[in-house]
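**Student:** Attaching a predicted model along with its sequence, questions to come.
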Amino acid sequence: MKRAWSIKEVEDGLQLQGPPDFSYSQNVNYLSRSALECLYEIEGERVIRAIRLANKPVLIEISGKERLLNVKLLTSVAAGRSDVLAEIAAYVGEWFDLERDMRPFYELAARDPVLQGAAKAYAGLRVMGIPELFEALAWGIIGQQINLPFAYRLKRRLVERYGDAAVHGGRTYYMFPAAEKVADLTVGAMDGLQLTVKKREYLIDTAQLIAGGKLTKSALLEAGSMRQAERMLTEIRGIGPWTANYVLMRCLRFADAFPIDDVGLQLAVKSVLGLDRKPFKSELVDLSAHWRGWEAYAVFYLWRLLY
DNA sequence: TTCCAGGGTAACG
DNA sequence: CGTTACCATGGA
């Protein structure tokens, strides 16, 4: 199968050429949106993070310009360097959404009064992904019904207590905790994180499903349809429509995933349309009829107006 | 104190 | 199936 982007091995890592309608700086600007993020470090337009390969952290540093991404390998790899680089390329490709052809979205957005402003302002932005399923689900669960700065604080506490890390240049780079690690925790052990008891239960239950192989990305992708995958997720206690669609959007990359009940979406639409109240769900249903097939990108671009 | 934040469950028609 | 209480936690 032909990719819309290309991979080249170079001396210190990889050089990726992104697809059309991809802007490195737009996506890095998105990554910079919160100073509270704890899973990567941004310096100027360079991004450094640890990713999990064979359950061990490998450090990469990404830089780039326009459609180009340079991925520098900071961890020394003795054997199987090409295999490691291939896995890194796959991760970065998923993270930066390099596979998607976004032209249909931009055509649709240019004609849409709600989307056209954001689509123009952030042209080249992708739905930045969360490739690891447990990280995506956990981040969704953590973020339920709390404001974003607090959600970041909760994530940081969890990550610093249970996440594996790599040290480089005197700094510590954490990975999100492995599902296997959280699967073995108890509600009591998770005291002091400021997570509600319910959320702790949801996190542990979800971790156990993933660690036990009962919930996987491939099972969700092969569910047959987005609706089927959504059903698989919402059958899990603690994962409702919002969390399911959030994960389908950012991890499984369904372009038609749609967390319609999202407060951020409501606030963005309120702002764009100059309403004096949040839109009713029925209004969002009507507005989003124009977004069909691209709801996830519509939401992501609207969120970008806020954060 | 009240209201809100990138919701979810359970009970009830 | 759609509605409606009720829940949980910190911040403004």
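**Tutor:** Good, I have the coordinates.

**Student:** For the rest of this, base every contact and every neighbour count on C-alpha atoms.
**Tutor:** Noted.

**Student:** what about stretch A:234-241, near DNA strand C?
**Tutor:** No. Against DNA strand C, stretch A:234-241 shows no contacts by CA under 7 Å from any atom of the strand, the least distance being 10.9 Å.

**Student:** That stretch vs DNA strand B: in contact?
**Tutor:** Yes. Against DNA strand B, stretch A:234-241 shows contacts by CA under 7 Å from any atom of the strand at A:Thr234, A:Ile236, A:Arg237, A:Gly238, A:Ile239, A:Gly240, A:Pro241.

**Student:** Let me know the secondary structure of the second one.
**Tutor:** The three-state label for A:Ile236, taken from DSSP: H, G, I helix; E, B strand; the rest coil, comes out as coil.

**Student:** Now do the same for the residue at the greatest distance from the centre of chain A: its pLDDT.
**Tutor:** Ranking residues of chain A by C-alpha distance from their mean position (CA atoms, centre = their mean) puts A:Asp276 at the top, at 30.9 Å. What the model reports as pLDDT for A:Asp276 is 92.

**Student:** That one against A:Leu267, yeah?
**Tutor:** No. Using CA atoms under 8 Å, A:Asp276 is not in contact with A:Leu267; the gap is 10.4 Å.

**Student:** Okay, domains of chain A per the record?
**Tutor:** Domain assignment for chain A by automatic domain parsing gives A:6-101, A:133-250.

**Student:** quick one on the thing from earlier: quick one: which of the residues of stretch A:234-241 next to DNA strand B has the most company?
**Tutor:** Among those, A:Ile239 has the most neighbours (other CA atoms under 10 Å), with 22 neighbours.

**Student:** For that one, give me phi and psi.
**Tutor:** Backbone torsions for A:Ile239, taken as degrees, to the nearest 10, come to phi -110, psi 100.

**Student:** Excluding residues flanking it in the chain, which one is nearest it?
**Tutor:** Of all residues not flanking A:Ile239 in the chain, A:Leu233 sits nearest, at 6.4 Å (CA to CA, 6 or more residues apart in numbering).

**Student:** what does A:Thr186 give?
**Tutor:** Using CA to CA, 6+ apart and skipping the chain neighbours, the partner closest in space to A:Thr186 is A:Ile204 (7.4 Å).
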